[in-house]
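Trainee: Sequence first, predicted coordinates after that:
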Amino acid sequence: MKKLALFSLITLFTISCETDVTDKVITDAYNGTALVSASGAVTDLAGTGTYLDLAISSPYLDTSDAAFITGAMVEVFENDSLISTLTEVRPGRYEDSTTLAQVGYGYRMTINVPEGYGSASGIWETTTDVVNAPFSFLSPLFPIMEDDSSWIDFRTGDSVYYADADSCYYSPYALWNDPAGRGNAYWIKNYWTTKIYAPNGLTGPLTPEETEKSLNSSINIFNDDQFIEGTQVSRFNFIGPPYTVFRDTLINLVFETRTVSEGMYDYLNIMANNIGGGGLFSVPYSPQIGNIRRQDDTTVYGLGYFYATSVRFDSITLFHPY
C-alpha cells in the first residue's frame, strides 16, 4: 500500500513538471524583423483622392516612433490596370488627389521599398479591396428627444417638463436605405463637434458671445449583423448616452461615413478588440497584420491596411426645444 502511494506521488510530480500552460499560447510576431507599415486609402473625396503613409516597423516591444520610408515607388491599380503613381509630398506620405475611387471597382497597390531598409526593402503589394455602394439618406438627420421613448434616462420622478428644465437629452437619427445584398459595412466618425453659447437659441445673435468647446469624438463600425436591409431608422451616436443640450447652447455634430469591405471591417474589428485588453487574462497587445504582403513571398505580411471607400459627410444642430 505504501509502495502504491509512493508511486502515485512520483507520477503526479512528474506530470506536474511536464505540464506548462505557456505551451498552449502560440505566437508568431516576426520579432526583430523589419516590416513595412502601410496605411492608406483610395477615396472618392475630391481634393483627397488616394493617399498612403509608409513607415518601417519597430521591434515588438520598442516604444519609439517608427521611421518613415522615403524614396519608395507606389503604384495604384484599378481592376488590375495601372492608373497612378503616388507622389511623396513629405517623408513617408504619398498622395495623388486626382485618383478617385469608383463604386464597384477594385483597387490595390504595389510598393517598391528602396535599398537601405533591411528586410523591408523590395516589392510589397496589397490585396484588392472593392468599393461598396454607400447608403442613401431618405431625409436629413433629425433629433429625437429622450421622452420620445427612443431613449430612457432613469432619474428621480416620473417625467420631466422641459419648458421648466435647463437641459434636455437628444440623439441624432437618420432615415436611410441600405443597398441590397450582404457585405455592406460602414465606418462612422463623429467629430468637429462644438458647443456654441447661444442664449437666444437659433435666432441669435451668436457673436460676440460665440465660444466653441470640443466634444468627445467617437468611431463606430458596423456591418449587416447590426442593421436590416433596406429602409430603416437608426441612431447615429451609437454608443453611450444622448447629448445633453442646455437652454443657452447649440451643439453642432458632423458625421463622416466611409464604406468598408468585409476584409476592412474584420481588420478594424480585430484592432478594436486588440486594444481593449489590460486584464489578468487579456490577450497581450500584438502587431496588427493587414492586407500588405511581400510580392516574392506572400506568407510574409506587413502592418496596416490599404482600402477603397466611398465617403460622405452629414451634420446636424441640436438645441433646446424651449
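Mentor: That came through fine.
Trainee: Mean confidence (pLDDT) on stretch 190-198, please.
Mentor: Mean per-residue pLDDT for stretch 190-198: 71.
Trainee: And for W176, the neighbour number?
Mentor: 21 (other C-beta atoms under 10 Å). Every C-beta, even on glycine, is put in place using the N, C-alpha and C of the backbone.
Trainee: Same check on G104?
Mentor: Counted with other C-beta under 10 Å, the neighbours of G104 add up to 11.
Trainee: how near is the nearest residue to it once chain neighbours are set aside to P140?
Mentor: Of all residues not flanking G104 in the chain, V131 sits nearest, at 6.4 Å (C-beta to C-beta, 6 or more residues apart in numbering). Distance, V131 to P140, using C-beta to C-beta, to the nearest Å: 25 Å.
Trainee: One more: N223?
Mentor: Distance from N223 to P140, counting by C-beta to C-beta: 24 Å.
Trainee: out of the two, which sits in the busier spot?
Mentor: Remark: of N223 and P140, N223 carries more neighbours, 16 against 10, as counted by other C-beta under 10 Å.
Trainee: what's across from the more buried one in the sheet?
Mentor: A185 (DSSP bridges).
Trainee: from memory it sits against E262, does it?
Mentor: Yes. Taking contacts as C-beta atoms under 8 Å, N223 lies within contact range of E262: 7.4 Å.
Trainee: got any residues that touch both of those two?
Mentor: In terms of C-beta atoms under 8 Å, 6 or more residues apart in numbering, N223 and E262 are both contacted by the residues G183, A185.
Trainee: What ranges does the stretch 51-200 of the chain have for its strands?
Mentor: 67-68, 73-78, 81-85, 87-90, 93-96, 106-113, 122-126, 129-130, 136-137, 142-145, 167-178, 185-197 (DSSP state E, counting those that start in this stretch).
Trainee: want to try TSV for the ones you listed, with distance to T203 as columns?
Mentor: Shown next, in TSV, are the strands of the stretch 51-200 of the chain (distance: least, C-beta to C-beta, whole Å):
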stretch	distance to T203
strand 67-68	51
strand 73-78	50
strand 81-85	49
strand 87-90	45
strand 93-96	43
strand 106-113	48
strand 122-126	52
strand 129-130	48
strand 136-137	27
strand 142-145	18
strand 167-178	18
strand 185-197	13
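Trainee: right, and the ones you listed - which one's nearest I219?
Mentor: When the strands of the stretch 51-200 of the chain are compared by C-beta to C-beta, strand 185-197 sits nearest I219, at 5.0 Å.
Trainee: Between strand 167-178 and that closest one, find me the angle.
Mentor: Between strand 185-197 and strand 167-178, the angle comes out at 150 degrees (axes from the mean of the first three to the mean of the last three C-alpha atoms, to 10 degrees).
Trainee: what's strand 185-197 packed up against?
Mentor: Applying 3 or more C-beta pairs under 8 Å, 6 or more residues apart in numbering; DSSP states H and E, one finds that strand 185-197 contacts strand 212-214, strand 218-223, strand 249-260, helix 262-274.
Trainee: domain parsing for the chain?
Mentor: With domains defined by automatic domain parsing, the chain comprises 36-132+288-309, 136-260+312-319.
Trainee: so how far is the first one off the chain centroid?
Mentor: Which is domain 36-132+288-309. 17 Å (C-alpha atoms, centre = their mean, to the nearest Å).
Trainee: Now do the residue nearest to G104 against S84, distance only.
Mentor: 15 Å.
Trainee: Could you list the low-pLDDT ranges of the stretch 101-250 of the chain?
Mentor: Along the stretch 101-250 of the chain, segments meeting pLDDT under 70 span 146-165, 191-193, 204-217, 237-240.
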